[in-house]
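S.K.: what follows is a protein structure lacking sequence information:
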C-alpha cells in the first residue's frame, strides 16, 4: 500500500481538500436534505479515509476493502454530525472512520468470540467515540464504564477479547541485525530443569503401579474413554474401575 496512488479507482494524489468553512456550509445544506452537498462533502473529505487506512498499512489487508469500509465510516459521521458541536468535521470523523475499519477487521478476525462479548465491545467503541467527540481527549476506562453503566472489568474484558491477534514472529525491535520477535519474549517452562525432573518422577511413579492400574489410566486419560467403556473392555464392573482408578491416582500422588 505504501506509495500507492490509486485506490478503488480514485486517484488519491488529486483528492480535493475542503476548508473548515466549506465543510460547515456543506453540512448545513446536508442537514436540509441536499444530496448533492452530501456527495461534495464526502468527496472533499476522502483524505481523512486515506489517512485512516494508512494506520493499518502493516496488516496485509486489501487497501481497497479498507478504503471502502472507511468511506462508510465517513458517511456515518457526516449523517451523525451535530452542527451545535464546537468541533471540526475532521476531528469528529476520523475516530469514527478508524472505528468502522476496526469493526470490519474484528468481524473478519480468525479468532471467534461470543456475540454478547462482541456486542459489549461495539457499545464500548461507540461510547468511546462519543466521549472523544465531546471532550476532545481519550476517555478513561472508568468514563466508558460509567457511560454504559457496566462494571469496569466488563469493559476491559470486552476490549481484550476483541484485540487483534499478534504473530509470534512479529518483530518488536530491530537494531539492524537480528530482529527481536514476540516469540523471543515468551518463556518456556516446559524446558526447565524442574519440569524435566517432574516428568522423570511421574514416569517412575507410573512404573510402580500394577499392570491393571496402568491399563485403566491409559484407557481413561490417553484414549479418553469413560469408566463404563473401560469396564466393558477389561471385563470388570464400573465400580471396580472407579476404585482402581482412584487407587492408582493416590499411589502416584504418594510416590511424587
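M.R.: Sure thing, it's come through. Values in this document were obtained by computation on a predicted structure and should not be read as measured data.

S.K.: mind listing the helices for the protein?
M.R.: Counting by DSSP state H, the segments of the chain that form helices are 20-31, 35-43, 46-54, 63-80, 89-107, 115-135, 141-148, 152-161, 193-207, 211-217, 227-234, 238-255.

S.K.: will you turn those into a markdown table that also has mean neighbour count, distance to residue 7 and mean pLDDT?
M.R.: Where you see a C-beta, it was placed from the backbone N, CA and C, and this is true even at glycine. Below are those laid out as a markdown table (neighbours: other Cβ atoms under 10 Å; distance: least, Cβ to Cβ, whole Å; pLDDT from 0 to 100):
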| stretch | mean neighbour count | distance to residue 7 | mean pLDDT |
| --- | --- | --- | --- |
| helix 20-31 | 16 | 22 | 89 |
| helix 35-43 | 15 | 14 | 90 |
| helix 46-54 | 20 | 7 | 88 |
| helix 63-80 | 19 | 5 | 89 |
| helix 89-107 | 20 | 13 | 85 |
| helix 115-135 | 17 | 24 | 84 |
| helix 141-148 | 16 | 33 | 92 |
| helix 152-161 | 16 | 29 | 86 |
| helix 193-207 | 11 | 51 | 82 |
| helix 211-217 | 16 | 61 | 92 |
| helix 227-234 | 16 | 60 | 90 |
| helix 238-255 | 15 | 63 | 90 |
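
S.K.: can you redo the ones you listed as a markdown table with distance to residue 186?
M.R.: Below are the helices of the chain laid out as a markdown table (distance: least, Cβ to Cβ, whole Å):
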| stretch | distance to residue 186 |
| --- | --- |
| helix 20-31 | 48 |
| helix 35-43 | 45 |
| helix 46-54 | 30 |
| helix 63-80 | 30 |
| helix 89-107 | 24 |
| helix 115-135 | 25 |
| helix 141-148 | 26 |
| helix 152-161 | 18 |
| helix 193-207 | 15 |
| helix 211-217 | 32 |
| helix 227-234 | 38 |
| helix 238-255 | 30 |
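
S.K.: I'd guessed residue 61 sits against residue 105; true?
M.R.: Yes: contact criterion Cβ atoms under 8 Å: residue 61 and residue 105 qualify, at 7.0 Å.

S.K.: so what touches stretch 124-141?
M.R.: 85, 87, 91-92, 95-96, 99, 102-103, 143-144, 147-148, 152, 155-156, 158-159 (Cβ atoms under 8 Å, 6 or more residues apart in numbering).

S.K.: for stretch 90-105, same thing?
M.R.: In contact with stretch 90-105 (Cβ under 8 Å, 6+ apart) are residues 23, 45, 48-49, 51-53, 55-56, 59, 61, 65-66, 69-70, 72-74, 76-78, 80-81, 85, 122, 125-126, 128-129, 132-133, 136, 164.

S.K.: tell me, what residue is most central in the chain?
M.R.: residue 163 (2.3 Å; Cα atoms, centre = their mean).

S.K.: perfect, I'm done here.
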